[in-house]
Each structure stands twice: as C-alpha cells, then as structure tokens.
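Enquirer: Starting from these lines, generate the structure:
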Amino acid sequence: MTHPRNSRFPSLLSTFPTELLDEIAQLSEPPELLALCQTSRQFNFIATRLLYRTLNLDSPVKAVQCCRTISRRPLAAKAVRHLGLDFPEDRLCHSFFKLVAAAIARSEHLFRLDISTALPLVDCLLTLPDSLPNLQECCLPFCSNLIPFLRRHRTLKILVIQPPGIGDMAQALHPVYLPNLCSFIGPSILARYLIPQSNTQMLTIFWKPNTCSIEETMMALAESNKKVVVLDNLVRGWDEDVLNAVAAHLPDLQTLRIRNISLAFRRDGFHFLTVVGMVLKSFTSLVSISISSMFISYNCTHSDLDQEFDIVNGWGQQLSTLSTCTLPSGTKWLRVHKNAWFPKCEGDNLKVKSDWLVRALLSLRFPLELYMTGACDATARELMEKLRDMKASGVRSPLRLFYEQDEGDESLGETDSEDSDDYSSEISNNGDEE
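Expert: Here you go, the predicted model:
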C-alpha cells in the first residue's frame, strides 16, 4: 500500500509501535536498513542506530565514507559503540588518519576500539583535546605513544596489545595505573608495567626471549588486586623457566595454557610434561591445563595416547581439582569419574582416539567401578551412550560387558561371534594379569 508524499493521512508504518519497528530493523540486512532509512524519520532513527553501532571497516574507501558520515551526522556518531580498522596502513596519508581520529572523537559512546593495524592513528588521537570517556575495550599496536594513550584512558577493562617489532623494544616504558583492567593480552615486557594494582584476572602473555626477566614479570602479575585465574603463555620452545615462575608466583590459577609458537617440529614436549608433573603440586585450584604446539599439526598414535594416558592419570592423583588436560598430541583428556580419564573423540585423529578408547575399555585400564553392572552415576550412563554411538557408527563396542542384558532386549548383546571370541580372550588375559 502506497501513499502520496503530500497525503494528510499517516503512513501505515507510522502507526506501528516503536518496539515492532525495532524488531523489523534488527532482522534486516545492511542494504535493507539503508532503504529503511528513507521511509520515515522514525525508521531512520532506528536503522541508523543499527547500521553504525558496530563498524568493521575493511577498506580505506569504506572507512572514509563512514567517517565522513559520522562527522556530519550527530545521530550516526551517537550510535557508534564498536569501531575497527582491518586493513594495512601502507600508503595512507596523514589526512586519512586525521579524518578517522575526528570521527572517533565525535563518537562519544564508543565502547570498543580496534586499531591494531593503524599505528599512525594513535598519534592522531593524542592530538585531540579530550579522551574517549566510555572506552572500555581496546586493541592497539605497540608504538612510542602507547603509554601516553593508556594514561588518558584509565577506564579500560579489556586491553590487547600487538607484540612489538625488533626496533620497538628499545623505547622507555613506565608504569600505568589502570584500576578497571580485568583482561590483558600482550607482550611480557609491557605486562609488568600495567598489571600491578589493576583488577586483572585473565592474561595472555607473549614471551619474547631475552627481553625481560621472567621472574620479575611473574612477580608483577601476582600484584594484581584480584587473583589471576587464567594464564595463557605463548612461548618459543618448551620454556621451563616460564613454567617454574608460574608455579612459584601464581599458585591460585584455575586455567593454565602453555602454547609453543615455534615453527620447528620438536617432539621433546613429552619431556616438558615431566617438568609439569614436578611443579603441579604447587597449584591449589587448577582445573584445566593445556600444553600444545600452536602451528604444528600432530598425527598421534596409540603409543602417544598410551603415554599421555599414564601422564594424566598421574596428574589426576596429584591434583584432585584437575578436570581437563590438553597435551602435545592435541588430545583433550577429560576426567569422567574419580581418576578415570577419557580422550575427547573429536577433531584431528578422531579414528585413532576412538579406536584407542575402545581398546582401553576392553583392556580394563579404567577403575573397576566403571565396569560394574547397575552403575547409577551420570558418568557411567554417559559411558554407555558413548559406546552405543560407537557401535552405531561401525566401531565394535563391548556393551555386554557393562550391562546385564534384560529379557527381551537383545540389542545390547548383539556382537559377531568372531568379535565375541576376541573380546572374551582379551578380557580373560587381563583377568589373569589381575
């Protein structure tokens, strides 16, 4: 239904409640929102707010168009909550960054800013007379004006700093008081100046060799007003010094990750696991630990899983709070019952993990209560479901070992006769060993 522009009667859309118009706009794609902006003032207000709320600008042309609109239209400027630039800064002139800085300055409700690829923009923002009053999340490059920028924005709660280049390491750094900071991702050389007296509980640290004292940095992390509960370490090689410093200064960790970012293939990760086992008793509340290689795919074998199974069993006996372990093969181990650990059958090497789990069950490698008929805990029921799924997908599963077959229910006991003989002989051998 259409109405002439000079009609005295309100359009049909103007009779709808604002809540309904808002629902319509939220279900619309950007091209549709642009069209809605031209239908009525009410729709223009609603659609503009949604269009400019989150701006992920992936090209200089798009950035110029959006920033000019923000500079001209107060409604668009007030709508911006998240602004990010996702393109290289190469061959961009100074006037471009001045335009973007002016648009950011007008975005008084800006909550999140991602300019990690736009180093000159940090310098332009420092020329503005005022700070960004509502800025709480920021992703920045490591640059000479980083510290002055952070001092102007003490409201930050989440901070991500890109690792510095070789020439950036020589600049002088000074402590910055960020009382609201709760999450930090960045280089170790900077963490020691930002974390003390903050409320940081979640950390991801890039460790660069020979740039700072590991011991002093860990001591600084421990000076957060709140206990650090999540620590993710990106290291080159299996660095035992980082592990020992973590155990000495952050005993209250709940989640510990150590990721090897070296591109060189090294199988000495299992030796590093021995060191982990030696310091594990230092932690009081550790729930999850992950030791992995970040860029190297690993074709694990049954032998690797056997070795990891023995390791996680030992760790579980040392630390009752531990519930998940991810080890260098890429396998995530879950504690499913007291000290019974299962590999999570997903992702890479799925067939190897599934096959290993069935063989381990047949070999009675888990606590005997898991094999008891009539086990009533949730873990035992989950185990039965897992075995049914394996059987349905073609993996042989010894279901009759775990359930007493009810009368009239023959499905649980159905196995090939040849398979049954294999199961019986393997179990009898294990029984003799017991």
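Enquirer: Show me where the stretch 301-434 of the chain has its strands.
Expert: For the stretch 301-434 of the chain, the strands defined by DSSP state E, counting those that start in this stretch occupy 324-326, 332-337, 340-343.
Enquirer: Looking at the ones you listed, which one is packed in the most?
Expert: Scoring these by mean neighbour count under mean count of other CB atoms under 10 Å gives strand 340-343 as the most buried, with a mean of 22. Just so you know, the C-beta spots here come from the backbone N, C-alpha and C atoms, and that holds for glycine as well.
Enquirer: Could you name the helices and strands sitting against it?
Expert: Counting by 3 or more CB pairs under 8 Å, 6 or more residues apart in numbering; DSSP states H and E, the packing neighbours recorded for strand 340-343 are helix 302-318, strand 332-337, helix 350-362.
Enquirer: 6 Å instead, please
Expert: Here strand 340-343 touches strand 332-337, going by 3 or more CB pairs under 6 Å, 6 or more residues apart in numbering; DSSP states H and E.
Enquirer: Extract the CA atoms of the strand it packs on and return them as CSV.
Expert: The C-alpha coordinates for strand 332-337 follow below in CSV (Å, rounded to 0.1, in the frame of the first residue of the first chain):
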residue,chain,number,x,y,z
LYS,A,332,41.9,-33.2,25.2
TRP,A,333,41.6,-35.5,28.2
LEU,A,334,38.5,-35.3,30.4
ARG,A,335,38.2,-36.7,34.0
VAL,A,336,34.9,-38.6,33.8
HIS,A,337,34.9,-40.5,37.1
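Enquirer: who touches that strand?
Expert: Strand 332-337 is contacted by residues 312, 316, 323, 324, 325, 326, 341, 342, 343, 344, 370, 379 when judged by CB atoms under 6 Å, 6 or more residues apart in numbering.
Enquirer: Relative to it, what are the paired strands and their orientations?
Expert: Here strand 332-337 has these sheet partners by DSSP bridges: strand 324-326 (antiparallel), strand 340-343 (antiparallel).
Enquirer: any chance of those in a markdown table, with distance to residue 59 and mean pLDDT too?
Expert: A markdown table is the format used below for the strands paired with strand 332-337 (distance: least, CB to CB, whole Å; pLDDT from 0 to 100):
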| stretch | distance to residue 59 | mean pLDDT |
| --- | --- | --- |
| strand 324-326 | 38 | 95 |
| strand 340-343 | 44 | 90 |
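Enquirer: Excluding chain neighbours, give the residue nearest to residue 57 in space.
Expert: Distances taken as CB to CB, 6 or more residues apart in numbering place residue 63 nearest to residue 57, at 4.3 Å, with adjacent residues excluded.
Enquirer: hmm, back to that, possible to save the strands of the stretch 301-434 of the chain as a markdown table with distance to residue 81?
Expert: Formatted as a markdown table, these follow (distance: least, CB to CB, whole Å):
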| stretch | distance to residue 81 |
| --- | --- |
| strand 324-326 | 34 |
| strand 332-337 | 35 |
| strand 340-343 | 42 |
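Enquirer: Compare those strands and give me the one nearest residue 39.
Expert: When the strands of the stretch 301-434 of the chain are compared by CB to CB, strand 332-337 sits nearest residue 39, at 51.2 Å.
Enquirer: what's the average pLDDT for that closest one?
Expert: For strand 332-337, mean pLDDT is 89.
Enquirer: Just checking the distance from that strand to the centre of its chain.
Expert: Distance of strand 332-337 from its chain centroid, counting by CA atoms, centre = their mean, to the nearest Å, is 20 Å.
Enquirer: Let me know the angle separating that strand from helix 350-362.
Expert: For strand 332-337 against helix 350-362, the angle by axes from the mean of the first three to the mean of the last three CA atoms, to 10 degrees is 30 degrees.
Enquirer: Which phi and psi values does the closest residue in space to residue 132 that isn't next to it in sequence adopt?
Expert: Distances taken as CB to CB, 6+ apart place residue 110 nearest to residue 132, at 5.5 Å, with adjacent residues excluded. The phi/psi pair for residue 110 (degrees, to the nearest 10) reads phi -60, psi 130.
Enquirer: Quick one: residues contacting residue 110.
Expert: Neighbouring residues of residue 110 by CB under 6 Å, 6+ apart: 80, 132, 135.
Enquirer: Now with 7 Å, please.
Expert: Listed by CB atoms under 7 Å, 6 or more residues apart in numbering, the contact partners of residue 110 are 80, 81, 83, 104, 132, 134, 135.
Enquirer: Flag the shaky bits of the stretch 51-200 of the chain, pLDDT-wise.
Expert: Applying pLDDT under 70 to the stretch 51-200 of the chain flags the ranges 165-171.
Enquirer: Who are the packing partners of the one helix or strand residue 101 maps to?
Expert: According to DSSP states H and E, residue 101 maps onto helix 94-106. For helix 94-106, the elements it packs on are helix 60-72, helix 119-126, judged by 3 or more CB pairs under 7 Å, 6 or more residues apart in numbering; DSSP states H and E.
Enquirer: How confident was the prediction at the closest residue to residue 25 other than its chain neighbours?
Expert: With sequence-adjacent residues excluded and distances taken as CB to CB, 6+ apart, residue 25 is closest to residue 46, at 4.8 Å. We have a pLDDT of 84 for residue 46.
Enquirer: again, but for residue 260
Expert: As predicted, residue 260 sits at a pLDDT of 91.
Enquirer: right, and it touches residue 234 too?
Expert: No - Residue 260 lies out of contact with residue 234 (CB atoms under 7 Å); the separation is 8.4 Å.
Enquirer: When these two are compared, which one has more neighbours?
Expert: It is residue 260, of residue 260 and residue 234, that has more neighbours when counted by other CB atoms under 10 Å, with 23 against 20.
Enquirer: And the residue nearest to that one when sequence neighbours are not counted, how close does it get to residue 285?
Expert: Here the nearest residue to residue 260 in space, its sequence neighbours aside, is residue 293; by CB to CB, 6+ apart that works out to 4.6 Å. Per CB to CB, to the nearest Å, residue 293 is found 26 Å from residue 285.
Enquirer: When the two are compared, which one has more neighbours?
Expert: More crowded of residue 293 and residue 285, by other CB under 10 Å: residue 293, with 21 against 14.
Enquirer: give me phi/psi at the residue nearest to residue 260?
Expert: When read as degrees, to the nearest 10, the backbone of residue 293 gives phi -100, psi 130.
Enquirer: Look up how far residue 332 lies from it.
Expert: Counting by CB to CB, the gap from residue 293 to residue 332 is 14 Å.
Enquirer: for residue 50, same thing?
Expert: Using CB to CB, we find residue 50 at a distance of 39 Å from residue 332.
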